[in-house]
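K.L.:
With the input below, show me the fold.
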Amino acid sequence: MTDRIDLHIHLDFGSADRKLDEILARISALSAQELRIMKVTIQDIQDAAARTMSAVALESDKDDAIIALVKGQTDLIKALREQLAAAIESNDPAALQAVLDSLATIESSALANGDRVLAAVNANTAPATT
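P.N.:
Numbering: from 1, shown residues only. Down below sits the predicted model:
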């Protein structure tokens, strides 16, 4: 007599397949979410760079306006110095008075321009040109 033992093993791969499908779906969702996050981050960086460039351009405009004002004042002072030297050399009272009158005009103009520049800098805008 022979004893026989039959062993049947039934493996249910269905539940393992479902688990693997669920894991793959979660990985896919995380990957898509990561791409959205990266896209927003890249867009944020691009927006920040654009804002920085705009701020630099605005500051350059202000700097250029102040430089033009200072250069204009420097040119006026040079011209007055030349007029004063000529008036002193010629010993001409009328020429000396003309230089004094010009200095008074420039002084009031410089004060007004200085106030405009100060107001523009304080307001963080480029001064208006006249």
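
K.L.:
Please give the centre-to-centre distance between the helix or strand hosting Val121 and its chain.
P.N.:
In this assignment (DSSP states H and E), Val121 forms part of helix 93-123. Here helix 93-123 is found 33 Å from its chain centre; the criterion is Cα atoms, centre = their mean, to the nearest Å.

K.L.:
ditto for stretch 82-90
P.N.:
48 Å.

K.L.:
for it, which positions count as buried?
P.N.:
Applying a neighbour-count criterion of 16 or more other Cβ atoms under 10 Å, one finds 83-84, 87 buried in stretch 82-90. (C-beta placed from N, C-alpha, C; glycine too.)

K.L.:
neighbouring contacts of stretch 72-86?
P.N.:
The contact list for stretch 72-86, computed with Cβ atoms under 8 Å, 6 or more residues apart in numbering, reads 95-96, 98-99, 102-103, 106, 110, 113.

K.L.:
Send me that stretch as CSV with only the CA atoms.
P.N.:
The C-alpha coordinates for stretch 72-86 follow below in CSV (Å, rounded to 0.1, in the frame of the first residue of the first chain):
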residue,chain,number,x,y,z
GLY,A,72,23.5,120.4,-15.8
GLN,A,73,24.3,122.1,-12.6
THR,A,74,28.0,121.4,-13.1
ASP,A,75,27.8,122.9,-16.6
LEU,A,76,26.1,126.0,-15.3
ILE,A,77,28.7,126.5,-12.6
LYS,A,78,31.5,126.2,-15.2
ALA,A,79,29.9,128.8,-17.4
LEU,A,80,29.4,131.2,-14.5
ARG,A,81,33.0,130.8,-13.4
GLU,A,82,34.1,131.7,-16.9
GLN,A,83,31.7,134.8,-16.9
LEU,A,84,32.9,135.8,-13.5
ALA,A,85,36.6,135.5,-14.6
ALA,A,86,35.9,137.7,-17.6
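
K.L.:
any chance of the buried residues of stretch 82-90 in JSON lines, plus secondary structure, distance to Asp63 and pLDDT?
P.N.:
Putting the buried residues of stretch 82-90 into JSON lines (DSSP: H, G, I helix; E, B strand; the rest coil; distance: Cβ to Cβ, whole Å; pLDDT from 0 to 100) gives the following:
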{"residue": "Gln83", "secondary structure": "helix", "distance to Asp63": "30", "pLDDT": "81"}
{"residue": "Leu84", "secondary structure": "helix", "distance to Asp63": "31", "pLDDT": "83"}
{"residue": "Ala87", "secondary structure": "helix", "distance to Asp63": "36", "pLDDT": "82"}
